[in-house]
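Visitor: what's the 3D shape of this:
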Amino acid sequence: QVDFGEAVVVLAGVKTKVHCLVASFPYSNKRYVVALPGENAQCVCEGLVEIFEHIGLVPMVLVMDNATGAAHRTAWDKITIVGLFQLFLEHYRIEARFCNPRSGWEKGSVENAVGFLRRNLMVPLLNVESYAQLSKHLLSRCDELGNDKHYRADESVNDLFEEDRSGMRPLPRVRFDAVDWQERRADKEGVIQVGSYRYLAGPAWRSWPLLVGLRAFDVEIRTRDGRKVASLPRAYGEQAGTVRSPSSLLPALARKPRAWGESPVRGDFPEGLRTLIDAQDSARRKATFRLLERVGAACGFDVACKAAEHIIGQGRPIDEAALSIMARRIASGEAPADVPAPDLSVYDDFKKTLVSPIDFLGYTDMSARAKVIGIMQEGKGSVPAVTGPANVEVILDRTPFYAEAGGQLADQGEILSDDGAVLEVDDVQKPIKDLIVHQCRLTEGTLVVGAEVNANIDLARRGAIARSHTATHMVHKALREELHKIGIPTLSLI
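Guide: Got it, this is the predicted structure:
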């Protein structure tokens, strides 16, 4: 059974009313809840997907209130299901049943669950950074409450829920993307109107017909042929003004840094970062805008600004390595207050111990024999050994792995030691000049400094990245030659 309730939390420092999608399983009395900004079809689908993925299974029947965004009652005996929700049902092969008007007993289990979860999970007032963090906390607490005894049976709710699970289907291989695409034409200012809300695509797209994808948390704008124009937070409630992303103007600010003082997005930057940029000369501003553009493309503009603000607050200079590391950690869900600014001195200290430079073999070799000369964990100095499972940073004396640079993504692959340690290489970075650091998951064995290893890159991925990156350069060159009179956006990270 599925229904919505409401609760008040402190979200990113602001007291906010959130909509809680509650799912209750009457047999076991198991309850789950996720937080959403609204009750439209996109929110209904997104919330149910989050619950299904947390359970790891899909129920076969949903009993729902017709007052949700999933359907509308057009007559006493007739329900019209919203198109997006119908696609959702077909994707997960679910049967949906809708309650009759003034027949609350048809979904009494979930109505009781709404009140129970509000009393037990939302008091005292919760303080969170994002909807994702709030939902993660709520689902975890629901699992804990499942350890309580069932109000009738002499078993725990979680034990009874195992019987509920036995009647569910496995998750499909592909996640349902709860997006509703609509066509809109941008006005003379490059603004798109969706309902009562206005979204800025950008002056370059004025009067263009564009596709608008509405999701629970964001609005994606694309051209008819699929090119991405902008991704903006979705507006809800009485939000006034035009929703815009300052990141869309960063390339223009990098070209004309003196326009910063009169820029309409200056007020969107956090105070500490804004003060720093105010004090910079044109060259430093240009570098800062380009840095925020690159990191923002990977992690989001708001996350990049939060990371920069946090680094400034700790009295450290902003550089690409520190900002990228901090932004990735914040994007993964860590609160800025809990994340120390990256201290790159550990890499400087390690580099001073090197007898010879690291030998990069990636232009000619796709695999290589190498020696482990450094192992780091959580930004600490080099440690002599680590036993898996663990996340580690590995430094080799020679490597075929390409580190992210020049707009080209890093290689991935594996590192296998002669002693039996197995490492999956997820990323390769240069936190400081000429130091290649492999960010790995040690899945088996113990890795020690001095170990002899085989370093193997993912050949298919390397080839695809290289082709895409080369093609992007070619397209960019052609655009510059043909459209040299107008500004061309910088290259993507490929």
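Visitor: pLDDT-wise, which helix or strand of this structure ranks last?
Guide: Lowest by mean pLDDT, DSSP states H and E among the helices and strands of the chain is helix 108-121, with a mean of 70.
Visitor: which helices and strands does that helix pack with?
Guide: Packing partners of helix 108-121 (3 or more CB pairs under 8 Å, 6 or more residues apart in numbering; DSSP states H and E): strand 2-11, strand 14-25, strand 30-36, helix 131-145. Just so you know, the C-beta spots here come from the backbone N, C-alpha and C atoms, and that holds for glycine as well.
Visitor: outside of it, which residues touch it?
Guide: 1-5, 7, 20, 22-26, 29, 31, 33, 63, 104, 138, 141-142, 145 (CB atoms under 8 Å, 6 or more residues apart in numbering).
Visitor: Now with 7 Å, please.
Guide: 1-3, 5, 7, 22, 24, 26, 31, 33, 104, 138, 141, 145 (CB atoms under 7 Å, 6 or more residues apart in numbering).
Visitor: Output the below-cut-off pLDDT ranges for this structure.
Guide: 66-68, 75-77, 100-111, 240, 332-344, 378-380, 406-407, 483-494 (pLDDT under 70).
Visitor: quick one, longest helix in it?
Guide: Ranked by residue count under DSSP state H, the longest helix found in the chain is helix 459-482.
Visitor: got the buried residues for that helix?
Guide: R462, I465, H469, T472, H476 (16 or more other CB atoms under 10 Å).
Visitor: still on that earlier bit, could you give the separation of the least confident helix or strand of the chain from the chain centroid?
Guide: 29 Å (CA atoms, centre = their mean, to the nearest Å).
Visitor: Likewise for stretch 312-330?
Guide: With CA atoms, centre = their mean, you get 18 Å for stretch 312-330.
Visitor: for stretch 202-210, same thing?
Guide: 27 Å.
Visitor: Now for L210: which residues touch it?
Guide: R184, A186, I192, A201, I221, R222, T223, V229.
Visitor: same thing but at 6 Å, please
Guide: R184, A186, I221 (CB atoms under 6 Å, 6 or more residues apart in numbering).
Visitor: ok, it to A421 distance?
Guide: Separation of L210 from A421 (CB to CB, to the nearest Å) stands at 51 Å.
Visitor: Dump the helices and strands packed on helix 108-121 into CSV; add distance to F289 as well.
Guide: As requested, these are arranged in CSV below (distance: least, CB to CB, whole Å):
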stretch, distance to F289
strand 2-11, 29
strand 14-25, 28
strand 30-36, 34
helix 131-145, 28
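Visitor: Quick check: D365 is in a helix.
Guide: No: per DSSP: H, G, I helix; E, B strand; the rest coil, D365 lies outside any helix segment and is coil.
Visitor: Tally up the residues packed near it, please.
Guide: D365 is flanked by 14 other residues according to other CB atoms under 10 Å.
Visitor: Next, the contact list for the residue most central in space within the chain, please.
Guide: In the chain, the residue lying closest to the centroid (CA atoms, centre = their mean) is A331, at 6.3 Å. Taking CB under 6 Å, 6+ apart, we find A331 in contact with C299, V303.
Visitor: Reformat the helices and strands packed on helix 108-121 as TSV; add mean neighbour count and distance to G300.
Guide: Output for the helices and strands packed on helix 108-121, formatted as TSV (neighbours: other CB atoms under 10 Å; distance: least, CB to CB, whole Å):
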stretch	mean neighbour count	distance to G300
strand 2-11	18	17
strand 14-25	20	19
strand 30-36	25	19
helix 131-145	17	12
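Visitor: how about these, which one is nearest T364?
Guide: helix 131-145 (43.0 Å; CB to CB).
Visitor: show me the contacts for A368.
Guide: A368 touches L361, R398, P400, A455, counting by CB under 6 Å, 6+ apart.
Visitor: hmm, 10 Å instead?
Guide: 359, 361-362, 396, 398-401, 453-457 (CB atoms under 10 Å, 6 or more residues apart in numbering).
Visitor: Can you tell me which of the residues you listed lies closest to T288?
Guide: Nearest member of the contacts of A368 to T288, counting by CB to CB, is F401, at 29.4 Å.
Visitor: Quick check, the closest one in contact with Y363.
Guide: No: using CB atoms under 10 Å, F401 makes no contact with Y363, being 11.9 Å away.
Visitor: Can I get stretch 312-322 as CSV, trimmed to CA atoms?
Guide: The C-alpha coordinates for stretch 312-322 follow below in CSV (Å, rounded to 0.1, in the frame of the first residue of the first chain):
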residue,chain,number,x,y,z
ILE,A,312,38.8,28.9,1.6
GLY,A,313,37.3,28.6,5.1
GLN,A,314,40.2,26.4,6.1
GLY,A,315,42.7,28.9,4.9
ARG,A,316,44.0,26.9,1.9
PRO,A,317,44.4,28.0,-1.7
ILE,A,318,42.0,26.6,-4.3
ASP,A,319,43.7,24.4,-6.9
GLU,A,320,42.2,21.8,-9.2
ALA,A,321,43.4,18.7,-7.3
ALA,A,322,42.1,20.0,-3.9
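Visitor: Return the set of buried residues in it.
Guide: I312, R316, I318, A321, A322.
Visitor: wait, doesn't the first one sit right on T275?
Guide: Yes: between I312 and T275 there is a contact at 8.5 Å, judged by CB under 10 Å.
Visitor: hmm, back to that, which of the contacts of L210 has the largest number of neighbours?
Guide: Result: I221 is most packed of the contacts of L210 (other CB under 10 Å), 26 neighbours.
Visitor: Just the buried residues of the helix or strand that contains it, please?
Guide: Using DSSP states H and E, I221 maps to strand 218-222. Buried residues in strand 218-222, counted by 16+ other CB under 10 Å: V219, E220, I221, R222.
Visitor: Quick one: name whatever helix or strand follows it.
Guide: Next along the chain after strand 218-222, with elements defined by DSSP H and E, is strand 228-233.
Visitor: Could you list the paired strands of the following helix or strand past that following strand along with their orientation?
Guide: Moving toward the C-terminus from strand 228-233, the next helix or strand (DSSP H and E) is strand 242-243. Sheet pairing for strand 242-243, assigned by DSSP bridges, gives strand 197-200 (parallel).
Visitor: Could you work out the end-to-end span of stretch 157-173 for me?
Guide: 29 Å (CA to CA, to the nearest Å).
Visitor: do the same with stretch 60-78
Guide: 22 Å.
Visitor: quick one, helices of the stretch 51-200 of the chain?
Guide: Counting by DSSP state H, counting those that start in this stretch, the stretch 51-200 of the chain has helices at residues 83-92, 108-121, 131-145, 157-165.
Visitor: got these as CSV, with distance to P257 columns?
Guide: As requested, these are exported to CSV (distance: least, CB to CB, whole Å):
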stretch, distance to P257
helix 83-92, 43
helix 108-121, 48
helix 131-145, 34
helix 157-165, 58
